[in-house]
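A.B. asks: Fold the following and give me the result.
(4 chains)
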2 protein chains.
Amino acid sequence: MPQLTLEEIGRRAGCSRSTVSRVINNHESVSPSVRQRVLDVIEETGYRPHAAARSLAAKRTHVLGLVIPRSVQAFFADPYFPRLIQGIAQACNRHGYTLSLFMFHNESEEKELYPRVLSRGLTDGVIFSSSVQEDPLLPLLRDSDVPFVTVGRPLVEGPISYVDVDNVVGVRNAVTHLIRHGRRRIGHIGGPADTSVGQDRRQGYVEALQERGVPVREALIVESDFTETGGYLAATRLVNEGADALVVASDKMAFGALRALRELGKRVPEEIAVVGFDDLEAASLTQPPLTTVRQPIRQTGITAVETLLDVIDNGPQPARRVILPTQLVIRDSCGARL
Amino acid sequence: MPQLTLEEIGRRAGCSRSTVSRVINNHESVSPSVRQRVLDVIEETGYRPHAAARSLAAKRTHVLGLVIPRSVQAFFADPYFPRLIQGIAQACNRHGYTLSLFMFHNESEEKELYPRVLSRGLTDGVIFSSSVQEDPLLPLLRDSDVPFVTVGRPLVEGPISYVDVDNVVGVRNAVTHLIRHGRRRIGHIGGPADTSVGQDRRQGYVEALQERGVPVREALIVESDFTETGGYLAATRLVNEGADALVVASDKMAFGALRALRELGKRVPEEIAVVGFDDLEAASLTQPPLTTVRQPIRQTGITAVETLLDVIDNGPQPARRVILPTQLVIRDSCGARL
DNA sequence: TTGAAAGCGATACCAT
DNA sequence: ATGGTATCGCTTTCAA
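C.D. replies: Residues are numbered from 1 along each chain as shown, chains lettered A, B, ... in the order given. Sure thing, here's the model as predicted:
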C-alpha cells in the first residue's frame, strides 16, 4: 500500500488532489456526489493530512505556543499554572489549535529555546506567561514579528496586548472589607516587587487604606515570594508588628500564614483576620475556612487564546488589553461572620 | 527586504542553498571560511529556518506530543501532572524537541482530538499518560503507526512500551514497615480500581499482609478517588472499622484522612498511623509530618521522553518496560519514631 | 465544479 | 567542498 497522500486519495476517488483538498477544507464548490466519494475513501483508508505539508503550503500551523519562563518554580508550588493551561488547552481545542509548551528551567535552556519560540513555521503565535521585570525574552518577542499576548500586565514598554485579572481592585475590595469590619492595623504579605502581580496587589492594598484615611505603614508590608513558607515567615513578622489583619497576595502564602498564627496561638479571625488571593480548592478546607479573592484563572487562559487569535488574524495594532474581574469570597477567616 | 529563505541567505553569502543547509545542520563538509560567512549572514539577518518546511523535507518534526485524557480532573487536584510535565519538558529541551500538549476535557473534545494526535507531520511520537482501563485512544494508538509510550502500566493488551514507578513494591514496603512496628489492623485507602495505579498499590498492600501472615480483610480496604475529600470520607469509614493504621494511595488523600482523624479526635500516630504516597512538598508540613512513599515523578517524565526517542529511532519492538524505584520517607505519622 | 501546475522552504542525493 | 535538482505533501491560483 502506497503512502497515503492527497494524490493517492484522489486516484482512488477518481478525482484530482485539488478536489480532495477542497473536500478536506470544506470548500463550497464540490459537488455532493464527489464530496461523498472522497469522504468515503478517506474513511476507508484512515487518511490523515500531513500537518507539516499543510502548514508549509497554507502558511498556518494551527499551533499556539505557551511560554513559561524560569519562574517555573511556581509551576509546582501553585495550582495556578495547571489551571491556566487547562483554560488555554480548552480554548485551543475549541478553535482547532494545538498547544505547544515552552518551559525553561535555567538560563542555558532559556537561550536555547529562544530560537524555537521565535522560529517561523512552528507556531502561529505565542502566549507569554511571566510578569517578571527583567525577562529577556519579552523584548525579543516584542521586536520580532511573532504574534503574541502576555498573561499578566507586562513590565516592558510598548503597545503589548495582554490579559490580566484586576489585581488592584481585587485587593482593594478585600482591604476595604476589612476596614469596614473594624480592622486598622492591616498587614500586607505581598508578592515579589519585580512582578506586576506583586506590584498591582500591593497598589490595591495601599489605595484602599488611603481611600479610607488609614495610614500606610511600611512596617506592615512584607514582600514575600508566593510560597507557603514565605507566607509563614512574613506572618510571623507581621504579628510582631501588631497587625490585626493580614491581606495576603496568594492563598498559598495565606496557608503558611494560618500555620504561623496557629503556632503563635493567635485566634483567627478574633485576634487577627486573614484574607487570601486565588480561591484555591484548599481555601475552603483550612481552619478556619479562608476568605479570599477569587480570580478567574481558567477564563484568563481562554481569553488569552482568543485575544491571540484576534492578533494573529487582524494584526497587533491596536494593542488589546483585557482585564477580568475578581470576586471576594467571604468565609470565616476575615471575621465578617463573627 | 525579501522573505528570508535558505536561497536568500545563500545569495547574500555567495553560495548555494545546499551549502547554507549544511551549515545549519552542522554537516562536516563545509570549508571553514564559507561556514563563517554563512553564519555571519544568518547572524546579521536574524534568519530562522522554517520549521514546517524542515519537517516536511526531513520527515522529522522534532515535536513530541503529551496526551492527557479526561482524567484531567486530577490535573488540578494534584501536583502530579505539573511535575510530570516538568520532567518531560526538561528532557524535550535537552534533546532539542518541542512539546505539544493534548488535553481533553470531555468526550466530544476527545473525539475531535484523536485525528490530531494520530496525524502525521505534527509530532514524531506521543507520550500517553493515563492508566484508565477503558480509554479508547490507547487501542487506536497501539494499532496506528505513531510511535508512543505510556506513563504508567497500560491496561490494554499488546507489547506496549511504558515507564512506571514501582507501585507494588512501594506500598508493600510501607505496609511491611507498619507491621514491623506492631500494627495489625491496617486499612488501605486505594485509588480507582480501574486504574493500574489503583490496582498495583492495592496489590502491594495485599502482598505485604500475606507475606507476614496478616489476614486481608475486605472491610479494611476502601476504594477512593485520589481527592482530598475522598481520603477524608474513606478514613472516617476505616476508623469505624477499628483500623490502627492507614496506608493511603496518595498524599492528597492522606491529607484528607489526617483531617478526618483530627476531627474524630484520633491521635496520629499513637492511636492510628498514616502513610501516604507521593511525597508532595506539603507532606512535610502536615501535623504530624507525613510518612510517605516518594515516587520520582520528574524522573518518570524524563525517562518517558528518552524511551520514546528510543522507540522513534529504533522501532517499537521489543517493547520497553522501565520501572523506577520508590523510597519510603519516614516522618512522624507512621509512629516509627515514637 | 474541476484539474493542472506553480509554489511553500527546506533536505538530500548525485554530480562535479 | 559545492551546486543543481528532485522531492516532501499540501494549498491555491488560474483556466477550462
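
A.B. asks: if I pick the residue of the stretch 151-300 of chain A found nearest DNA strand C, what's in contact with it?
C.D. replies: Residue nearest to DNA strand C within the stretch 151-300 of chain A (CB to the nearest atom of the strand): residue A:161, separated by 24.9 Å. Using the backbone N, CA and C atoms, a C-beta is placed for each residue, glycine as well. Residue A:161 sits next to A:148-150, A:307-308, A:311, A:316, A:319-321 when contact means CB atoms under 8 Å, 6 or more residues apart in numbering or on different chains.

A.B. asks: Then residue A:261?
C.D. replies: Contacts for residue A:261 (CB under 8 Å, 6+ apart) come out as A:235, A:239, A:268, A:272, A:274.

A.B. asks: What subset of those residues is buried?
C.D. replies: Buried members of these, scored by 16 or more other CB atoms under 10 Å in any protein chain shown, are A:235, A:239, A:268, A:272, A:274.

A.B. asks: out of these, which one sits closest to residue B:187?
C.D. replies: Nearest to residue B:187, judged by CB to CB, of the buried ones among the contacts of residue A:261 is residue A:268 at 32.7 Å.

A.B. asks: From residue A:254, how far off is that closest one?
C.D. replies: Plainly put, residue A:268 is 10 Å away from residue A:254 if you go by CB to CB, to the nearest Å.

A.B. asks: what touches both of the two?
C.D. replies: By the contact definition CB under 8 Å, 6+ apart, residue A:268 and residue A:254 are jointly contacted by A:274, A:333.

A.B. asks: Walking through chain A, point out its strands one by one.
C.D. replies: Counting by DSSP state E, chain A has strands at residues A:63-68, A:98-103, A:125-128, A:148-151, A:162-165, A:186-190, A:221-223, A:245-248, A:273-278, A:291-294, A:321-324, A:327-329.

A.B. asks: and the ones you listed, which is most packed in?
C.D. replies: Of all those, strand A:245-248 has the most neighbours on average by mean count of other CB atoms under 10 Å in any protein chain shown, namely a mean of 32.

A.B. asks: can you give me the helices for the stretch 151-300 of chain A?
C.D. replies: Taking DSSP state H, counting those that start in this stretch as the criterion, the stretch 151-300 of chain A contains helices spanning A:167-180, A:196-211, A:228-240, A:251-263, A:297-314.

A.B. asks: ok, now which ones touch the residue sitting nearest the centre point of chain A?
C.D. replies: Closest residue to the average C-alpha location of chain A: residue A:84 at 4.6 Å, with CA atoms, centre = their mean. By CB under 8 Å, 6+ apart, the contact list for residue A:84 reads A:129, A:151, A:297-298, A:300-301.

A.B. asks: Now the two most distant members of the residues you listed.
C.D. replies: Across these, no pair lies farther apart than A:129 and A:298, at 13.6 Å, counting by CB to CB.

A.B. asks: Between these two, point out the one with more neighbours.
C.D. replies: residue A:129 (22 against 19; other CB atoms under 10 Å in any protein chain shown).

A.B. asks: Check the separation of the first and last residues in stretch A:9-17.
C.D. replies: Taking CA to CA, to the nearest Å, stretch A:9-17 runs 7 Å from one end to the other.

A.B. asks: for the stretch 51-200 of chain A, which spans come out with low pLDDT?
C.D. replies: Within the stretch 51-200 of chain A, the stretches with pLDDT under 70 are A:71-77, A:131.

A.B. asks: I'd like to know which residues of the stretch 1-150 of chain A are adjacent to DNA strand D.
C.D. replies: By CB under 7 Å from any atom of the strand, the part of the stretch 1-150 of chain A that sits against DNA strand D consists of A:3-7, A:17-18, A:21-22, A:24-25, A:49-50, A:53-54, A:56-58.

A.B. asks: which among the residues you listed end up buried?
C.D. replies: A:4, A:6, A:21-22, A:24, A:49-50, A:53-54, A:56.

A.B. asks: what's the closest of those residues to DNA strand C?
C.D. replies: Proximity of these to DNA strand C (CB to the nearest atom of the strand) peaks at residue A:56, which lies at 4.1 Å.

A.B. asks: ok, now which ones touch that closest one?
C.D. replies: Neighbour list for residue A:56: A:121, B:50, B:52-53, B:56 [criterion: CB under 8 Å, 6+ apart].

A.B. asks: and the closest residue in space to residue A:225 that isn't next to it in sequence, backbone torsions?
C.D. replies: Spatial nearest neighbour of residue A:225, excluding adjacent residues (CB to CB, 6 or more residues apart in numbering or on different chains): residue A:192 at 6.0 Å. When read as degrees, to the nearest 10, the backbone of residue A:192 gives phi -60, psi 140.

A.B. asks: Residue A:192 contacts residue A:201, correct?
C.D. replies: No: between residue A:192 and residue A:201 there is no contact under CB atoms under 8 Å: 10.8 Å.

A.B. asks: Residue A:263: how many residues sit nearby?
C.D. replies: 12.

A.B. asks: now it: how far from DNA strand D?
C.D. replies: Counting by CB to the nearest atom of the strand, to the nearest Å, the gap from residue A:263 to DNA strand D is 63 Å.

A.B. asks: Output stretch A:136-146 as PDB - backbone C-alpha positions only.
C.D. replies: The C-alpha coordinates for stretch A:136-146 follow below in PDB (Å, rounded to 0.1, in the frame of the first residue of the first chain):
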ATOM      1  CA  PRO A 136      14.800  38.900  28.400                       C
ATOM      2  CA  LEU A 137      12.500  37.000  26.100                       C
ATOM      3  CA  LEU A 138       9.800  39.600  26.200                       C
ATOM      4  CA  PRO A 139      11.700  42.400  24.400                       C
ATOM      5  CA  LEU A 140      12.800  39.900  21.800                       C
ATOM      6  CA  LEU A 141       9.200  38.900  21.200                       C
ATOM      7  CA  ARG A 142       8.100  42.400  21.100                       C
ATOM      8  CA  ASP A 143      10.700  43.300  18.400                       C
ATOM      9  CA  SER A 144      10.000  40.100  16.400                       C
ATOM     10  CA  ASP A 145       7.100  39.600  14.100                       C
ATOM     11  CA  VAL A 146       5.700  36.700  16.100                       C
END
